[in-house]
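Participant: sequence first, predicted coordinates after that:
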Amino acid sequence: MSAPTHPRSLPSARRAGAATAASTRLHWWALALPALAFSLLLLLLAGSGEAHAATGEVSGLVQVAEQLLRAVG
């Protein structure tokens, strides 16, 4: 046998007009930074099969990172 449920009363902060969870906005960097980190880690994993001894050449990952830094800064 189930008991009847009663609606909870709202806290005083919400009654005063404070922002609720549904009305808050997500910042652009909250999605961009994890996506960037994921893609960089994926590039590291994808390029690990071609690992070789260090030479004077700059790897593709370093070139991509430099381009991103130039674009951002």
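Facilitator: Yep, that arrived.
Participant: ranges for the helices of this protein?
Facilitator: According to DSSP state H, the chain carries its helices in the segments 12-15, 29-47, 60-72.
Participant: weakest of those helices by average pLDDT?
Facilitator: Of all those, mean pLDDT reaches its minimum on helix 12-15 (a mean of 53).
Participant: about what we covered before: as CSV, the helices of the chain with mean neighbour count would be great.
Facilitator: Backbone N, C-alpha and C define where each C-beta goes, glycine included. Shown next, in CSV, are these (neighbours: other CB atoms under 10 Å):
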stretch, mean neighbour count
helix 12-15, 10
helix 29-47, 11
helix 60-72, 10
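Participant: quick one: which of those helices is nearest Thr5?
Facilitator: helix 12-15 (19.7 Å; CB to CB).
Participant: what sits against Gly47?
Facilitator: 59-61 (CB atoms under 8 Å, 6 or more residues apart in numbering).
Participant: dump the helices of the chain to JSON lines, plus distance to Pro4.
Facilitator: Listed next are these as JSON lines, based on distance: least, CB to CB, whole Å:
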{"stretch": "helix 12-15", "distance to Pro4": "24"}
{"stretch": "helix 29-47", "distance to Pro4": "40"}
{"stretch": "helix 60-72", "distance to Pro4": "57"}
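Participant: for Ser2, find the nearest of those helices.
Facilitator: Set against Ser2 and scored by CB to CB, the helices of the chain come closest in helix 12-15, at 27.9 Å.
Participant: quick one on the thing from earlier: mind checking the helices of the chain for the one nearest to His6?
Facilitator: Of the helices of the chain, nearest to His6 by CB to CB is helix 12-15, at 17.7 Å.
Participant: sorry, back to before: Leu40: which of the contacts of Gly47 is nearest?
Facilitator: Leu61 (7.9 Å).
Participant: pretty sure the closest one contacts Leu43?
Facilitator: Yes: Leu61 lies in contact with Leu43 (CB atoms under 8 Å); the separation is 5.6 Å.
Participant: which pLDDT value does the model give Pro56?
Facilitator: Pro isn't right for residue 56; it's Gly. With respect to pLDDT, Gly56 scores 69.
Participant: for Gly47, see how far away Val72 is.
Facilitator: 22 Å (CB to CB, to the nearest Å).
Participant: cool, thanks, signing off.
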